[in-house]
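> Okay, here's the prediction I keep looking at, along with the sequence it came from:
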Amino acid sequence: MSVADRLAEVRGRIERATRDAGRPAGSVRLVAVSKTFEAGDILPALEEGQRLFGENRVQEARGKWPALRERHPDVELHLIGPLQSNKVREALALFDVIHTLDRESLAGALAREIPRLEGRPAPRLLVQVNTGEEPQKAGVGPLEADAFIEACRTRHGLAVEGLMCIPPAGEPAAPHFALLATIARRHGLATLSMGMSGDFETAIQLGATHVRVGSAIFGHR
């Protein structure tokens, strides 16, 4: 199947899952995860009208997206990988949404750099929650999430919009998605970035507003 065919299939699955969950049409947005793929691989998705894309690394995004955005200025670029504090300025110049706010030092770096933006709106910010408390994975632990969200808002003055998680591999994803949704409700957060190629329909049932799908669109890396 071509990228266009796989994209159409994923879109159809999202529409069906949204309908089955009793949610309004269009309430779930697809972030096409283009990390590790070249510009030539991404163009077919752009030609099919896809405009939300996810990248893992600032340097990789800087290498391919400025030229693509010249042709498609309405692209919305999402950072879905870890962000180093020393890369914040570059990230703010490239990304419209950052899904991986996960520690005080990063919150402080963002708070310092966002006021310096000129001619560009501040990116929307999501806190990454390590719902499985995996030591090798980024994200604030579920028990620390409440305090961290409040610190981002009050101490650092950041407008946190939502939450993101990546459930542990090999475990049922639903309890992790439900936990993320519960934390979000406590803080009045409307955006839930959860669900990938293997579990996005479950995520939609549990309230995802953004699903991050890569291999089901672009193929395996």
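Structure received. Since this is a predicted model, take the numbers as computed values, not measurements.
> count of residues packed around residue 142?
18 (other C-beta atoms under 10 Å). Where you see a C-beta, it was placed from the backbone N, CA and C, and this is true even at glycine.
> repeat for the one 10 residues further on
Per other C-beta under 10 Å, the neighbour tally for residue 152 reads 23.
> How much space separates it from residue 101?
Distance, residue 152 to residue 101, using C-beta to C-beta, to the nearest Å: 7 Å.
> again with residue 5
For residue 5, the distance to residue 101 - C-beta to C-beta - is 35 Å.
> Please apply the same query to residue 221.
Taking C-beta to C-beta, one finds residue 221 at 26 Å from residue 101.
> thinking again about what came up before, any residues in contact with both of residue 152 and residue 101?
Listed as contacting both residue 152 and residue 101 by C-beta atoms under 8 Å, 6 or more residues apart in numbering are 107, 125, 127, 158, 160.
> and of those residues, the nearest to residue 43?
residue 125 (29.2 Å; C-beta to C-beta).
> what pairs with the closest one across the strands?
For residue 125, the beta-bridge partners under DSSP bridges are residue 98, residue 160.
> quick one: contacts for it?
By C-beta under 8 Å, 6+ apart, the neighbours of residue 125 are 97-98, 101, 110, 152, 158-161.
> list the contacts for residue 166?
Contacts of residue 166 (C-beta under 8 Å, 6+ apart): 128, 137, 139, 196.
> Centre of the chain to the helix ranked longest in the chain, how far?
Across the chain, the longest stretch assigned as helix under DSSP state H is helix 3-20. Its chain's C-alpha centre and that of helix 3-20 lie 18 Å apart, by C-alpha atoms, centre = their mean, to the nearest Å.
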